[in-house]
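1. Here you go, sequence then predicted model.
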Amino acid sequence: MLSSTDSRMTEASLVPPLPLVTKIAYGFGGVPSYLQATLIGFFMTPFLLSQARLSPFYVGLLQAFAGLFTAVLNPLIGFFSDHSPPPRRISWIMFSCVPFSFSFFMFWVQPFGSGSTGAYIYYTVVFLSMSASFACIVVPYSALSAELSADYQERTV
C-alpha cells in the first residue's frame, strides 16, 4: 500500500518535464535583475558623490533608508503577488517594467543644482520608486520558479 507521500511522488513523476527552452528562458529572466543590482551597486555611490555632489552622509542616509524601505516592502509584495488573480506573477512583472525603466532612467538625470537639498529629495524619491518597482519585478520572478512545474525535483534542481 502506498503512503500519502508515495502517492504524491507518483503523481508528480507523471508530470512531463519542463522543456529546456523554458528553463533557459527562465534563467535569462534573471539577467536584468543582476544587471541592475550590479550597475546600482557599482555606480550609484560614485555618481551621487561626484556628479550629484551629495554629501557622503546623505548618500549613506539614502542607502540606509532604501534598505529599510525594501525590507518592509518585499514581504508585502510577496503577500499581494501570492493573492493576486491569475496570472499572478506575470502580471506583477509586466506592469512593473515601465515604472522601473522610467525611474532607472530618471535616477541618472540631474535636474537640480549639485549638492542641494532638492537634489537629495529628488534622488531619494526616485531611488525609492526604483527600488519599489524593482521589488515588484524581482519578488514575483523569484516565486515564479516554484510554479513552473509540479515536479519537486525540477523545482529544486
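-> Great, that's in hand.
2. Next, give phi and psi for Ala25.
-> Taking degrees, to the nearest 10, you get phi -60, psi -40 for the backbone angles of Ala25.
3. who touches the residue most central in space within the chain in this structure?
-> Nearest residue to the geometric centre of the chain (C-alpha atoms, centre = their mean): Val138, 2.5 Å. The contact partners of Val138, taken as C-beta atoms under 8 Å, 6 or more residues apart in numbering, are Ser33. In this view, the C-beta of every residue, glycine as well, is placed from N, C-alpha and C.
4. So it versus Thr70, what's the distance?
-> Distance, Val138 to Thr70, using C-beta to C-beta, to the nearest Å: 10 Å.
5. My guess is Ser145 contacts Tyr26. True?
-> Yes. Judged on C-beta atoms under 8 Å, Ser145 makes contact with Tyr26 at a distance of 6.7 Å.
6. So for the two, which sits in the more crowded spot?
-> Using other C-beta atoms under 10 Å as the criterion, Ser145 and Tyr26 rank with Ser145 on top: 17 against 14.
7. Quick one: classify that one as helix, strand or coil.
-> Taking DSSP: H, G, I helix; E, B strand; the rest coil as the rule, one finds Ser145 in the helix state.
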